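**Q** One predicted model, sequence on top.
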Amino acid sequence: MSLNIEEELNYIEKVKKINQGKNLKYLILTMGCQLNENDSEKISGMIENMGYTKTEDIEESDLVVFNTCCVRENAEDRLFGKLGEVKRIKEKRGTIIAIGGCMMQEKHIVEKMKQSYPFFDIIFGTHTLHKFPKDLYTKIFENKRIEDILDIDGEIIEGLPITRNDNIKASVTIMNGCNNFCTYCIVPYVRGRERSRNPEDILNEVRDLAKQGYKEITLLGQNVNSYLRSGNVDFDSNVKSFADLLREVNKIDGIERIRFISPHPKDFTDDVIEAIRDCDKVCKIIHLPLQSGSSQVLKAMNRKYTKEQYLNLVEKMKKMIPDIVFSTDIIVGFPGETQENFEDTLDVVRKVHFEQVYMFIYSRRVGTPGDRMENQIPEKVKHTRFDELKELVEGQISENNQKYVGTIQKVLVEGVSKTNSELLTGRTDSNKVVNFYGSEELIGNVVEIKIISEHMWYLKGEINRR
Ligand code: SF4
């Protein structure tokens with residue numbers, strides 16, 4: 001255990017003592033990706049160990065933490081909108097307001113916070129998350145406002161307490177940061193360069209999760225298939241690559257499914273494809289971010305692959321793993337995108353036939369090369385293209401869904417449906433939501449379900465009794 005962590009654990013104890021018997025509540029608001037969700041689980045773990053219990057009601061919160069994202073513009077609007085509401089609650093009950101995450105690594109946002117929202121108590125960045133107990137202690141004990149942001153890459157910190165949001169599926173971060181500098185993306189500026197976790201720490205975390213009864217693991221990183229390829233990777237472990245890691249996680253008893261996000265197409269090496277093929281627990285749906293189907297736009301995005309290389313990779317994977325399917329991310333309206341370039345994107349979508357497409361309208365991020373490009377696309381054009389892409393994607397999803405009807409799918413049962421308490425809900429290996437009637441005892445098990453009908457965003461099934 002590093003000295004840093006011992007210091008933080010001491011601060012956790014100190015705050016816990018101060019809070020004893022006060023019945024304090026906290027609320028955490030998470031924006032953005034699964035990495036942020038996983039960071040929030042770590043923040044929650046620290047906070048709960050300091051004597052707070054979770055609430056969903058902002059009105060009764062003694063501590064409100066915003067874990068922010070800066071990938072899309074609307075996240076800023078959401079944060080600033082919500083801050084107004086929290087100010088009122090702070091005035092009423094002295095609520096402590098802490099704001100952390102990617103957005104706090106952006107200097108112009110921090111300046112705006114100080115000028116327009118000066119009532120915050122703590123701001124912390126992506127590299128100082130583990131110091132939250134010390135920051136909170138200083139706020140409570142010395143009653144001063146804390147700004148704890150580091151511009152240099154933080155260390156990987158092991159051993160923080162964690163409170164997970166789910167008891168069947170868990171995310172495990174395998175690396176932080178990104179070296180790729182795609183020209184639309186702010187992540188490398190706010191999360192720093194790639195730092196891989198020690199494989200043995202990852203494997204121990206997964207073993208521990210398996211012991212607790214978790215069934216599905218998602219390995220997380222901005223660019224998972226460059227795991228152990230850059231930065232300090234001198235670890236005492238037989239695991240030397242992402243492919244090795246997949247094979248080792250696959251051996252852990254109790255874990256039934258392994259997913260990972262996100263790989264970069266340029267780094268998708270054959271050893272990883274072979275590991276996906278050979279490991280029975282690795283789901284045969286691969287999230288392969290396309291971003292654009294036009295080689296010209298991909299070059300402007302600094303993605304380092306062409307349309308042809310992307311399609312060749314998909315073909316190679318389909319040959320090596322016949323039942324493999326894909327999901328993807330696509331950005332519409334990147335600067336300079338012509339109608340012809342956009343048609344290339346539609347062409348790739350038609351050819352690959354993705355199971356799921358996460359579609360985004362390009363949004364300018366201050367500090368990225370994309371924001372400085374002069375050939376920005378008018379909003380109206382972006383929206384027209386987005387609608388066209390959406391129509392194509394929804395048509396394909398509907399076609400895909402029809403192929404499931406009549407098949408038997410292995411479904412990991414996640415719980416009772418949120419919209420109908422009589423139904424259970426779970427997911428197929430290919431990540432399709434399946435709803436069916438069944439006993440709650442099935443939650444956490446993989447069950448064979450016969451698909452009887454399809455709907456746009458879910459399938460309906462019945463237990464296969466054979
Ligand atoms: S690979 Fe590109 S899109 Fe992904 S985090 Fe890195 S810079 Fe951003």
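**A** Yep, it's here. Numbers count the residues shown, from 1 in each chain.

**Q** Which residue ranges of the stretch 251-400 of the chain form helices?
**A** 270-278, 295-300, 307-320, 339-352, 369-372, 379-404 (DSSP state H, counting those that start in this stretch).

**Q** State the helix or strand in which the nearest residue to residue 8 once chain neighbours are set aside lies.
**A** Computed as Cβ to Cβ, 6 or more residues apart in numbering, the closest residue to residue 8 that is not its neighbour in sequence is residue 133, at 5.2 Å. No exception for glycine: its C-beta is placed from N, CA and C like everyone else's. Assigned by DSSP states H and E, residue 133 belongs to helix 132-142.

**Q** Which strands or helices does the next helix or strand along the chain from that helix pack on?
**A** Downstream of helix 132-142, the next assigned helix or strand under DSSP H and E is strand 146-148. Contacts defined by 3 or more Cβ pairs under 8 Å, 6 or more residues apart in numbering; DSSP states H and E place strand 146-148 against strand 122-124, helix 132-142.

**Q** Get me the contact residues on the chain for the ligand.
**A** Counting by Cβ under 6 Å from any ligand atom, the positions of the chain adjacent to the ligand are 178, 180-182, 185, 187-188, 222-223, 264.

**Q** For the closest residue to residue 418 other than its chain neighbours, which residues are in contact?
**A** Nearest residue to residue 418 in three dimensions, chain neighbours excluded: residue 425, at 7.7 Å (Cβ to Cβ, 6+ apart). Listed by Cβ atoms under 8 Å, 6 or more residues apart in numbering, the contact partners of residue 425 are 413-418, 433-435, 458.

**Q** Please identify the most buried of the helices of the stretch 251-400 of the chain.
**A** Among the helices of the stretch 251-400 of the chain, ranked by average contacts under mean count of other Cβ atoms under 10 Å, first place goes to helix 295-300 (a mean of 19).

**Q** Check which residues of stretch 196-213 are buried.
**A** Neighbour-count burial for stretch 196-213 flags 196-199, 201-203, 205-206, 209-210 (criterion: 16 or more other Cβ atoms under 10 Å).

**Q** What are the contacting residues of that stretch?
**A** Residues from elsewhere that reach stretch 196-213, judged by Cβ under 8 Å, 6+ apart: 156, 158, 167-168, 170, 172-175, 217, 219, 227-233, 235-237, 239, 244-245, 248-249, 252-255, 444.

**Q** Can you show me the strands along the stretch 1-150 of the chain?
**A** 24-30, 52-54, 63-68, 96-101, 122-124, 146-148 (DSSP state E, counting those that start in this stretch).

**Q** The stretch 351-466 of the chain now?
**A** Taking DSSP E, counting those that start in this stretch as the criterion, the stretch 351-466 of the chain carries its strands at 356-361, 408-416, 423-427, 433-437, 446-455, 458-463.

**Q** Of those, which is nearest residue 74?
**A** strand 356-361 (10.3 Å; Cβ to Cβ).

**Q** how big is the angle separating that closest one from helix 339-352?
**A** Interaxial angle of strand 356-361 relative to helix 339-352 (axes from the mean of the first three to the mean of the last three Cα atoms, to 10 degrees): 170 degrees.

**Q** Tell me the strands beside strand 356-361, with direction?
**A** strand 325-332 (parallel) (DSSP bridges).

**Q** With just CA atoms, put the partner strand into CSV.
**A** What follows is strand 325-332, C-alpha atoms only, in CSV (Å, rounded to 0.1, in the frame of the first residue of the first chain):
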residue,chain,number,x,y,z
VAL,A,325,-21.1,-8.6,-34.2
PHE,A,326,-20.2,-4.9,-33.7
SER,A,327,-21.4,-1.7,-32.1
THR,A,328,-19.8,1.7,-32.8
ASP,A,329,-19.7,5.4,-32.2
ILE,A,330,-20.2,7.9,-35.0
ILE,A,331,-19.8,11.6,-35.1
VAL,A,332,-21.8,13.6,-37.7
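
**Q** Quick one: distance of it to the chain centre.
**A** Centroid separation between strand 325-332 and its chain, computed with Cα atoms, centre = their mean, to the nearest Å, is 15 Å.
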